[in-house]
Structures are given as C-alpha cells and as structure tokens.
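*Asks:* Based on what follows, work out the 3D shape:
(chains A, B, C and D)
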There are 2 protein chains.
Amino acid sequence: MATRKTELTREAARLFAERGYHGTSIGDLAKALGVQKGSLYAHIESKQDLLYETMREGAQAFHAALDEIPEDVKATERIRLALRAHLRVVGEQLDVATVFIREWRYLEGERATEFLSERRRYEERFRALFREGRELGELRTDLDDQAAALLVLSAANWAYTWLPAGADTDELADRFYAILVDGTRGYSTPV
Amino acid sequence: MATRKTELTREAARLFAERGYHGTSIGDLAKALGVQKGSLYAHIESKQDLLYETMREGAQAFHAALDEIPEDVKATERIRLALRAHLRVVGEQLDVATVFIREWRYLEGERATEFLSERRRYEERFRALFREGRELGELRTDLDDQAAALLVLSAANWAYTWLPAGADTDELADRFYAILVDGTRGYSTPV
DNA sequence: CCGCCTACCAAACGATCGTTAGGGTCTGCA
DNA sequence: TGCAGACCCTAACGATCGTTTGGTAGGCGG
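*Replies:* Below you'll find the predicted structure:
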C-alpha cells in the first residue's frame, strides 16, 4: 500500500515543514525522490494539490484524535485527554502537523476558506470542553473559559516549534494540565 | 524623518507578514510602493536585508519591552508585566512581530544562528522569572517552572495569529495571568 | 505474445524571480 | 548658476519557477 503517491505526499509534508510551501520547489521535491521534476505530474495535478492533501491529512488526524476521547468521563478529564490527543498528533506526525498549523494560509481560492472553517470547528471543540466544565461546576464558576481555551490551544498549536519528534507527549500534556488546573501560586501565598 | 528607507522596511514587514517571505516578491513590494522593482536597490542590497532588518527591529522591540519592567517588584508581578509587555509589542507592531516569530527561519547563513541565540536569550528571561518566583516562595515549591514558562511563552508566541491590531492587550495579559496563577479548578472541586 | 498500467525520462514552454547597469529628474544648498 | 544627493526610470541579465508534451521501459494478467 506504500504507493508512490503516498511517498510523494509524505516527502512533500517533510519539505514543506522544513522550508515552507513557497520555499520548496517542485525541483527540490523531485530531487528528494530521485526523479525528474516533470515526472511528479503523473501523480498530482499541481503543487497546490500537495499542500491541500497534507492539510486534509492533518485535519483528519487532529479530529480523529479528539473523537477517541470517551464521552462518559468528567469534562476536566476530557480536557486533559484532549491536550494529550493534540500533542500526540503533533509528536507522531510532526511534519503534517507543522504544515497544518503554519502553512495552511498558502492554500488558494475556496480551499483556504474551507480550511478556515475546519479549523474553527476544531478550536470550538476545545472551547466547548471548558464551557461545559464550568457549567457542570467542575471548574470555577467565574472562569474566563474563552481565555482558558485560548491558553490551551496556544500551548497545543505552538508545540510544533519545539517538540522533538517522538517525544513522550502524554507526560508533557499532563504537566501542562496540572499547571492549568491548579495554578502556579503557592498554597499560602498572600494576594 | 520618515525616509523612504523606513517606508520600505515597514511595507516589507507588512507583506512578509501577510504572504510570507518567499511568498512576497520584490516586484510585489515595488508595486505596493508605486515604484519599479529595480528602484528598490537604491535602498537595499538584497531581499534578505529586508528580512534581517525586520528581525532586528522585532528583537529590539521585545527586549526593550522586557527591559522596562521594574526590578524591585515581586517575581509574580514581573511575570504579569512580562506577559503584558510581550502582548503589547505584538499588538502594537503586529507585522514586525509576525515576521519575527514566523519568518525568522528564512534567514540565511550566520544570521540564522545569530537570531536563534537572540531568541533563546529572550525565552531564558521568561524562564528565569518562574525559577525566581519558585525559589523565593512566591510560587509553589513543587512547580514545574520549565513547563510553566513554556506555557506562557506559547500563549505569547501564538498571539500574533489571532490578536487584532490595536487590541487591549493589557487586559488580555491579565486574564491569562489570572488563569495561570490561580488555575481553573473550582475552589471546592474534589480531586 | 499482446496490451495495459504504472512509473519515469528528456526537453522544452512562458512566466517570474532577484539583481544589475546606466541614465534621468528633481530639490536644496553653495 | 552649478553641483550634490536622493530618488526613480527603462531595459536587460541569467536563473529558476510550475507545468506540458511525447515518448519509453518494465511488469503482469489475458
């Protein structure tokens, strides 16, 4: 099943992540595969297609990771698992995640808007967790859940810049979660 | 004082932020300034120079913002002010900040490594605040200050993607800070 | 052995890239 | 009046860009 096409998209993701979409030429890609650049057009219709397919792969991976979170656990626990899920995707598919997070804006035409709504939908799933947690009384009733969700999403979305490929992302997610839930203040620190 | 050169670098920052370094051509830049593209070379030596100058501007702005934080206040307060300072730079110089955070990797040669150490130095200033806060007893003694600093830096570095230009960043920073310090958990939530 | 399919090749297309060359037109100051 | 300096022009350079074309080599089922 490791067709030439999937090798191509995988290498494209790697190069797009390393040099950026506009910084990667079709010639670079062909050279990385040991092939003449014209030969690539037996598999794709355009360079844009490669970017688009990587985006789709990323969107699918991130959503699928969230989908596996059980619904019958507490909202706070689902937040922890969601952070784990996101960081796991970043760690396991670093190239795809990097392109998904950083290079999406080079999509052209309606694909850009399609991706934007896909992305908003993903972030909304995080926001919903915090809203739910607050409404169910698991989180502080005066919590600014918008800001809290933004904080988690920031940590999640920034991770591709420093995460080494194959890191233990579960433990890392738990460390972030612990700080987020209990705060950094000393137990008896005066205000 | 608004020399043509500064207009050029400002426009370059704007376009690099909007379309990326490799996505912006010298021709685009010239058109935005209402000038033939060859004319730009009366002011610069290369396209790389424009990127480099924007980076320098960004580095200067971020460091200067941190420099203005008084040293005689508590470490926790300095953390709050540091977050304010960073977000203020992002809000006030969104284009420069965007290029600084996202496009730096297209610097070539030793400029790339120069920038990388500049950046590490900046992040270290944040980490030091958390270490200090923990050692002085202002923060929990069992705090994972590396993770805490990473969390704040993530929020700070991700902000360019969603901050509207000219937003009230001080209030936003304080909201992040409040969550970070006190956590999200309900006061009486069972473990 | 034939015909199909996947994969690739060599060569070229027009467009655009960053950059250079040489000359021109203003303004302001001596 | 003349000269300097800032600013811009047109035209072209070689290189590289994404993409197209027409043809070929090898494997595999009929």
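*Asks:* which parts of stretch A:33-52 are buried?
*Replies:* Residues of stretch A:33-52 classed as buried by neighbour count (16 or more other C-beta atoms under 10 Å in any protein chain shown): A:33, A:40, A:44, A:47, A:50, A:51, A:52. C-beta: built from backbone N, CA, C; applies to glycine.
*Asks:* Was I right to think the first one contacts residue A:6?
*Replies:* Yep, that's residue A:33 we're talking about. No: taking C-beta atoms under 8 Å as the definition, residue A:33 is not a contact partner of residue A:6, at 11.9 Å.
*Asks:* circling back: so which of the buried residues of stretch A:33-52 sit within strands?
*Replies:* Using DSSP state E, no member of these falls in strands.
*Asks:* Any chance of a markdown table for these, columns pLDDT?
*Replies:* Shown next, in a markdown table, are these (pLDDT from 0 to 100):
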| residue | pLDDT |
| --- | --- |
| A:33 | 94 |
| A:40 | 95 |
| A:44 | 94 |
| A:47 | 97 |
| A:50 | 96 |
| A:51 | 97 |
| A:52 | 96 |
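*Asks:* got the residues you listed as JSON lines, with distance to DNA strand D columns?
*Replies:* Formatted as JSON lines, those follow (distance: C-beta to the nearest atom of the strand, whole Å):
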{"residue": "A:33", "distance to DNA strand D": "13"}
{"residue": "A:40", "distance to DNA strand D": "7"}
{"residue": "A:44", "distance to DNA strand D": "7"}
{"residue": "A:47", "distance to DNA strand D": "4"}
{"residue": "A:50", "distance to DNA strand D": "8"}
{"residue": "A:51", "distance to DNA strand D": "10"}
{"residue": "A:52", "distance to DNA strand D": "12"}
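*Asks:* From these, which land in helices?
*Replies:* Among the buried residues of stretch A:33-52, the members found in helices (DSSP state H) are A:33, A:47, A:50, A:51, A:52.
*Asks:* which residues sit in contact with the residue nearest to the spatial centre of chain A?
*Replies:* Among the residues of chain A, the one closest to the centroid is residue A:97, at 4.9 Å (C-alpha atoms, centre = their mean). Contacts for residue A:97 (C-beta atoms under 8 Å, 6 or more residues apart in numbering or on different chains) come out as A:58, A:61, A:62, A:89, A:90, A:160.
*Asks:* ok, then the element right after the helix or strand hosting residue A:87?
*Replies:* Per DSSP states H and E, residue A:87 falls inside helix A:75-92. Downstream of helix A:75-92, the first helix or strand assigned by DSSP H and E is helix A:94-98.
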